[in-house]
Structure formats: C-alpha cells, structure tokens
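Need the 3D shape of this:
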Amino acid sequence: MVLGRTVTRQRIPASLVVLALFIGSSLRWFTMMATSTTAAAAAISSVMPKIGLGTLLLERQQVRSTLLQALELGYRRIDCAPVYFNEDVIGDVLKEQTIVNRKDLFIVSKLASPFHKQEHVELALRKTLTDLRLDYLDLYLVHWPIAFHYVPIDPTKRGFENEDIDDSDGGKNIDPAVSLLETWRGMEDAVKKGLVKQIGLSNVPGKLLHELLLWNDLEIKPAVLQVELHPYLQQNRLVKYCMQRSIQIQAYSPLGTPGYKEDNEPVLLEDLKDIATSGTPAQVAIAWALQRGTSVVVKSTSKAHLKENMEAVDIVLTDGETNKIAELNRNYRFFRPKGKLLLLHFDTLFYCFLANLIILYKTGGDQRVPCLARQRTEWQDDHYNNALASTQQDTIL
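Numbering: from 1, shown residues only. A predicted model of the protein is given here:
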C-alpha cells in the first residue's frame, strides 16, 4: 500500500535481469581495466627514467667500470637479463657502490624462455634477484614470446655454469605447449608476491599483444613493451597502438646496433650525419625516440659516449630533422633469426607464427604452437586490424 493505493508489482523478465547484470559487470570490468592500465602507465612513466643503460654484450670484466661511470653520470635505469650472463657481476657492483640508494634505482630484468610455465616464473625471478642481490625488481619483462623446454636451475646459486637457458638447439627446445597467457599469469603472481613492481613484454608484435589484451581475465595489463626501435625501424603503428592503450614503449638499439651488424648492413649513424643539426648523430637518434614519447635503452663502455647519450634528454629536434628522419624508415631489423628461417620477415609475421614454422619443420606438422592456448581465427585478425584502423597513417607522433 502506498498513499492508500494498491501497487501491483510487475515481474521483470529473467532475460532482462541477466542482460542488465552482464552489461553492468562488463562496464565495471572495462572501467577497471582502463583505470588499471592508465594508472600503471602513469605510475611507471613518473618513476622510470627515460634513458636506461643496456647491459647486452657487456663483458663481465667491463661491468664494474661501465656501471660505476654510468651511475656517476646520472643513469638510474639499468636494463638486465639472465641470458646476458652478467647479472651476478652487476649485482656485486650494485651492492658495493655508494653513489645512489636502491630506492632511487630502476632495475629491469627479463624472464628467459625455459621458464614460461606459470610455476617456473617465480623460480626464474628469484634466481635473478639472487644474482642481482636485490629484494625486488622495478620492472620484469617476458624477454621473448616463445617458450623453451624447462632447464633446471638453483635459485639460490649465483651465476650460470653454462648457457643452456639461451639455447634453442635449432628449434628442438621450443615448447609448443606453453602459451603467453599462461606465462602472463605467472608474471601477475610475481607482482602479487611483491617480487616485482611492474611487468611487461619484450619482442612481442602487435597482433600477439592485442590478442593478450583481449582476454578478460587479465588482472594486470602490461605496463611496458620493449622492442627494437630506431629510425630504420620506426614501427609507427605499434607505437601508436601502445600509446592509445597507455603502454609505455621502450626502444632498444635506438642507435642501430654494432653488436649484431654484418659487414654489408647499413649504418644508421652515418645516415644521420647529414641530418643532425641539434646534436651529434647519436644524440639526435635518442632525442627522436624521446620526442615520440618512447624511452630508450642505450649501451656503451665509453664514459664520453655515456655522457653524450645522457645529454640527449635536453635536445629538441627541429621540424627539418624530424621530417628527414621519417624518410629513413625502411622496416629494417638488426635483431632477426638466422639459419633456415632467415627468409621470414618479422614485420608481417608474429613470433608465435615463427615458432609454429619451427615446430612444423621439426615434427612434420604434428604439433602447433598456441599463441594464447587457442586457435587463431579470421575474427582475431580482423579485430586487430580494426583496432589499428585509427593508426594506419604512417607518420611520426
């Protein structure tokens, strides 16, 4: 009874109730994911230094002098990986140095391929923490999106006796049963346990990243994607895609790379000599990357070059420099597979497809590598292309 009148209650169809609950939960999920992504990106952008010191191909005897010089020059982000086989030496220097406190450092490491199963992620991470003499990492990346068969390790023993964790054995060690989604769940577990503050990906192409983001049970979205990026390989669509989703792009080999460059390959810094007016060719390459909103990983053992690279943060390129650098794009990768699969072009084929080809080659077609533990469909490719529809124009941000 309301104000003396009888009110007849009408039953709401169950289908409408279910629909309302679905819409409500979906909106809450999208809001939560958008908020968490934006918050994570904002958090990492505010604390992660724009320029980091790379340690790939840094010889063990070079670590101490290089790292101490870098810290004295203001480097605070150190980019490491177990497959560089120098984390234990880096850890010794970090422990002994008195230049900077741990809380002011931003230490990055990566998950090696033999430890992609969910239950192995923490094991590998604890091994890295032991080697680096740290209690936590600021950022942990999946180094490559292809899993290898497990290699036993002792997380309490520092260093490696051999390089088995980086040996694919011509594809024989690839494990087709482990998906990137399973690996990511292990990465999320590491954050929950306080072993790492942020997690991300490395060497993951756009389609595979997009497929991962489609999963509605992700609790933590990638904060960073680290890829090869320089004026020869500008990856404009990927950069825009990540920026639209508040994923920080980290560029490795921003100067090209002398470490893996063959004799007949182009030299980026030579091409930049006729373009650079705001600084040295190396400084202009780094400044170009920073102006696009990406961060960089640079490596040098020379104190002069370390200083030169760090000073690029204050350089602002002219429109003329920017326009000329845009013309250098040739989709050219220095880091690429060798051997019988060299013909594959990574600009159009994603890495799980590479793994598929290796397995098909080795098994005669009896096995398949799951990208995210399910079959790819035309819908997935269409969905990715639609997501990129607003980023088709190949221009520099």
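
looking at this structure, which helix or strand does the model trust least?
helix 351-363 (a mean of 47; mean pLDDT, DSSP states H and E).

so residue 310 makes contact with residue 72?
No - Residue 310 is beyond contact range of residue 72, at 10.7 Å (criterion: CB atoms under 8 Å). C-beta coordinates here come from the backbone N, C-alpha and C atoms, glycine included.

Between these two, point out the one with more neighbours.
Shown here are residue 310 and residue 72; by other CB atoms under 10 Å, residue 310 has more neighbours (20 against 14).

Near residue 47, how many other residues are there?
Neighbours around residue 47, by other CB under 10 Å: 15.

Enumerate every residue touching it.
106, 138 (CB atoms under 8 Å, 6 or more residues apart in numbering).

for residue 273, what are its contacts?
Going by CB under 8 Å, 6+ apart, the list of residues near residue 273 reads residue 281.

And it, how close does it get to residue 296?
Distance, residue 273 to residue 296, by CB to CB, to the nearest Å: 20 Å.

cool, and residue 160?
For residue 160 relative to residue 296 (CB to CB), the value is 28 Å.

Look at those two and report which has more neighbours.
For residue 160 versus residue 296, neighbours defined as other CB under 10 Å are more numerous around residue 296 (29 against 18).

In a strand, that one, correct?
Yes - judged by DSSP: H, G, I helix; E, B strand; the rest coil, residue 296 forms part of a strand.

does it have beta-bridge partners, and which?
residue 51, residue 251 (DSSP bridges).

change the start of the numbering to 815 and stick with it
Yep, numbering from 815; the last one is residue 1110 now.

what's near enough to touch it?
Taking CB under 8 Å, 6+ apart, one finds 864-866, 1064-1066, 1068, 1100, 1103-1104 in contact with residue 1110.

try it again with 6 Å
Residues in contact with residue 1110 (CB atoms under 6 Å, 6 or more residues apart in numbering) are 865, 1065, 1068, 1100, 1103.

For those, give me JSON lines that also has neighbour count.
Listed next are the contacts of residue 1110 as JSON lines, based on neighbours: other CB atoms under 10 Å:
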{"residue": "865", "neighbour count": "23"}
{"residue": "1065", "neighbour count": "27"}
{"residue": "1068", "neighbour count": "28"}
{"residue": "1100", "neighbour count": "27"}
{"residue": "1103", "neighbour count": "27"}
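
Farthest pair within those?
865 and 1065 (10.4 Å; CB to CB).

Just give me the neighbour total for residue 915.
Residues near residue 915, counting by other CB under 10 Å: 7.

ugh, wrong one, residue 960
Residue 960: 23 neighbours (other CB under 10 Å).

Give me the secondary structure label for it.
Residue 960 - assigned by three-state DSSP - is coil.

What's the mean pLDDT across the host helix or strand of residue 1137?
Secondary structure assigned from DSSP states H and E places residue 1137 in helix 1133-1140. On average, the pLDDT along helix 1133-1140 is 98.

Tell me the helices and strands packed up against it.
In terms of contacts (3 or more CB pairs under 6 Å, 6 or more residues apart in numbering; DSSP states H and E), helix 1133-1140 is not packed against any helix or strand.

So what's the gap between it and the chain middle?
Taking CA atoms, centre = their mean, to the nearest Å, one finds helix 1133-1140 lying 27 Å from the centre of the chain it belongs to.

what do you get for stretch 1059-1070?
8 Å.

Contacts made by that stretch with the rest, please.
Everything outside stretch 1059-1070 that qualifies as a contact, by CB under 6 Å, 6+ apart, is 851-852, 855, 858, 1036, 1038-1040, 1042-1044, 1053, 1056, 1082, 1096, 1099-1100, 1103, 1108-1111.

Just the buried subset of the residues you listed, please.
851, 855, 858, 1036, 1038-1040, 1042-1044, 1053, 1056, 1082, 1096, 1099-1100, 1103, 1108-1111 (16 or more other CB atoms under 10 Å).

Just the terminal-to-terminal distance for stretch 1110-1117.
Start-to-end span of stretch 1110-1117 (CA to CA, to the nearest Å) is 18 Å.

in that stretch, what's buried?
1110-1114.

okay if I get the residues you listed as TSV plus distance to residue 916 and pLDDT?
What follows is the buried residues of stretch 1110-1117, written out as TSV (distance: CB to CB, whole Å; pLDDT from 0 to 100):
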residue	distance to residue 916	pLDDT
1110	23	98
1111	20	98
1112	22	97
1113	22	95
1114	24	96
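
and of those residues, the nearest to residue 1003?
residue 1111 (26.1 Å).

I'd assumed residue 864 was in contact with the closest one.
No - in this structure, residue 1111 is not within contact of residue 864 by CB atoms under 6 Å, at 10.6 Å.

For the stretch 965-1114 of the chain, which residues score under the pLDDT cut-off?
1072-1074 (pLDDT under 70).

switch to 50 and redo it
For the stretch 965-1114 of the chain, applying pLDDT under 50 flags no range at all.

how far is stretch 934-947 from where the chain is centred?
18 Å.

avg pLDDT for that stretch?
98.

quick one: secondary structure of residue 955?
Strictly by three-state DSSP, residue 955 counts as strand.

Next, count neighbours for it.
When neighbours are counted by other CB under 10 Å, residue 955 comes out with 27.

Return the distance of it relative to residue 878.
25 Å.

If we ignore the residues flanking it in sequence, what's nearest residue 958?
residue 1017 (5.1 Å; CB to CB, 6 or more residues apart in numbering).

Assess the claim that that neighbour and residue 960 are in contact.
No - applying CB under 6 Å as the test, residue 1017 and residue 960 come out as separate, 9.0 Å apart.
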